[in-house]
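> here is the input, now give the coordinates:
(one chain, ligands or ions: 1)
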Amino acid sequence: MVNLFVPKETGAGETRVAATPESARALIKGGLTVSIERGAGEAAYMPDSEYQTAGATLVSRAEGLAAADIVAAVGAPAAEDIARMKKGSILIALRATAQPGITTFSMERIPRTTKAQTMDALSSQASIAGYKAALIAATELPRYFPLLMTAAGTIKPAKVVVMGAGVAGLQALATARRLGAVVEVSDIRPAVKEQVQSLGGRFIDLPMQESGEGAGGYAKEVSADFLRQQREIVTRHVAAADVVITTAQVPGKKAPVLLTREMVEGMRPGSIIIDLAVDSGGNCELTKPGQTVHNGVRIFGISNLAATMSHDASILYARNIQALVFEFVQKGVLNLNMENEIIRETVVKGSS
Ligand code: NAD
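The predicted structure is shown next:
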């Protein structure tokens, strides 16, 4: 039988787990055996007893790694853990790198196709990040988000600008709208305008001829001149904003700088910037990991926001893993068919 092992995560601040009792039950029903490191689900509020009830076996890390045909994790395990894995076994994790003797699947390589949507961990986790970014902004802002008419007078709704209308940005928009803010959105792919409007956002039009539309629905790197013109147009919107949430990314490149020091200095004290692109260099020139204050504007460079919602983030990530595993384990039989686009694209080249 194909044995899948889920270790307890060791990364700093990592609270998620790659299998839930629900996904363990489904994997077992699909013909696998599932073993879980004791305490692996604790930070996601999934106790060992629930995994046992689902039919999984609780094991030590060393036992689990040595016996597994598939090791499924959130973050890539450390080298000493990988060294304990069987030759010919499979590793699945986010940002996993090629390993000799092991077939590595890196979850962010899942193709953005309709068929692979159930496995799309980037989307499931980015959506949480966007939601949380809007909530953090709402709790940190020294103002209300909604329009309020009170006996003491009217409070105007907060103005939020979202930069980047990918999965995280659209969820930030939707969440800020639900809380009653007025939301404006900038993106360089004109195709997202309609999505922004359907969620109640106002799209900031960019009149440039150059297109930001790249391959596979992603953005491409635009010229320095394009970015300069974009900043000129967006400056006015940013100066009027209470909150700016930035999520703009170009795959494989440093994040574009959309907010300069000057633009931050044009914002009112008390305003908030949440920069979700911090790991790829930040969309704001002044972003540092954690909180920075500049002229009374608070800039939050926050990575891995998905881990702040450990329970649901794990439920979604575990379903992504489960769907990928069923792509190459059918009726309990493992078959790595490299003609299958999802498998071929997700396996890290150079692993074997
Ligand atoms: P991402 O994280 O790579 O980038 C976030 C956003 O930043 C993108 O919308 C991008 O256009 C934008 N951006 C880049 N440079 C910018 C700039 N200078 N100014 C403003 N915005 C800028 O994107 P993502 O969330 O991974 O999504 C990328 C695309 O893939 C989206 O169209 C999304 O809908 C699509 N997608 C498709 C599927 C699927 O079909 N299975 C799944 C998920 C996402």
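
> going forward, measure contacts and count neighbours with C-alpha atoms only.
Will do.

> helices of the stretch 51-200 of the chain, residue ranges please.
61-67, 79-83, 121-140, 167-178, 193-198 (DSSP state H, counting those that start in this stretch).

> what is the end-to-end distance of stretch 325-341?
Terminal residues of stretch 325-341 are spaced 14 Å apart (CA to CA, to the nearest Å).

> check whether that stretch comes near the ligand.
No - using CA under 6 Å from any ligand atom, stretch 325-341 never reaches the ligand; the gap is at least 13.6 Å.

> what does this protein have sitting close to the ligand?
Going by CA under 6 Å from any ligand atom, the residues of the chain near the ligand are 112-114, 117, 123, 163-168, 186-189, 217-219, 247-251, 256.

> now, of the residues you listed, which are buried?
112, 123, 163-168, 186-189, 219, 247-250, 256 (16 or more other CA atoms under 10 Å).

> quick revisit: of the helices of the stretch 51-200 of the chain, flag the one that's most buried.
helix 167-178 (a mean of 24; mean count of other CA atoms under 10 Å).

> from Gln197, how far out is Leu122?
Taken as CA to CA, the span from Leu122 to Gln197 is 23 Å.

> Val162 reaches Thr246, doesn't it?
Yes - Val162 is within contact range of Thr246, at 5.8 Å (criterion: CA atoms under 8 Å).

> now do the shared contacts for these two.
The contact sets of Val162 and Thr246 overlap at Gly169 (CA atoms under 8 Å, 6 or more residues apart in numbering).

> for Gln52, which non-adjacent residue is closest in space?
Leu58 (7.1 Å; CA to CA, 6 or more residues apart in numbering).

> pLDDT at that neighbour, what is it?
Note for Leu58: predicted pLDDT of 98.

> ok, now which ones touch Pro269?
Asn295, Gly296, Val297.

> for the second one, give me its contacts.
In this case it means Gly296. Arg268, Pro269, Gly270, Ser271.

> and the pLDDT at the third one?
Predicted confidence (pLDDT) for Gly270: 98.

> domains in this structure, by residue range?
3-119+310-346, 128-303 (automatic domain parsing).

> now find how far off-centre the shortest one is within its chain.
On the basis of CA atoms, centre = their mean, to the nearest Å, domain 3-119+310-346 sits 18 Å off its chain's mean C-alpha point.

> compute the first-to-last residue distance for it.
For domain 3-119+310-346, the end-to-end distance is 20 Å (CA to CA).

> and what of stretch 280-294?
One end of stretch 280-294 to the other measures 21 Å (CA to CA).

> quick check: mean pLDDT of that stretch?
96.

> for that stretch, buried residues please.
Per 16+ other CA under 10 Å, stretch 280-294 contains these buried residues: Ser280, Gly281, Gly282, Asn283, Cys284, Glu285, Leu286, Thr287, Lys288, Pro289.

> and the third one, how far is that from Asp275?
Same thing as Gly282. Gly282 is 6 Å from Asp275, by CA to CA.

> overlap in contacts, these two.
Gly301.

> count of neighbours near the closest residue in space to Leu286 that isn't next to it in sequence?
With sequence-adjacent residues excluded and distances taken as CA to CA, 6+ apart, Leu286 is closest to Arg261, at 6.4 Å. Residues lying near Arg261 (other CA atoms under 10 Å) number 12.

> wait, Met107 touches Thr346, no?
Yes - assessed by CA under 8 Å, Met107 is found in contact with Thr346 at 6.7 Å.

> higher neighbour count, the two?
Between Met107 and Thr346, counted using other CA under 10 Å, the more crowded position is Met107 (26 against 18).

> tell me the bridge partners for the nearest residue to the more buried one once chain neighbours are set aside.
Using CA to CA, 6+ apart and skipping the chain neighbours, the partner closest in space to Met107 is Leu94 (4.8 Å). Using DSSP bridges, the beta-bridge partners of Leu94 come out as Gly75.

> need the contact list for Leu94.
Ala73, Val74, Gly75, Ala76, Ser106, Met107, Glu108.

> so what's it scoring on pLDDT?
pLDDT, Leu94: 97.

> Ala18 versus that one, what's the distance?
10 Å.

> mutual contacts of the two, please.
Ala73, Val74.

> how about the strands in the stretch 101-250 of the chain?
Ranges of strands within the stretch 101-250 of the chain are 103-106, 148-150, 153-155, 159-163, 182-186, 202-203, 243-246, based on DSSP state E, counting those that start in this stretch.

> hmm, I typed the wrong one, I wanted the stretch 251-352 of the chain.
According to DSSP E, counting those that start in this stretch, the stretch 251-352 of the chain carries its strands in the segments 272-275, 290-294, 297-301, 329-330, 333-334.
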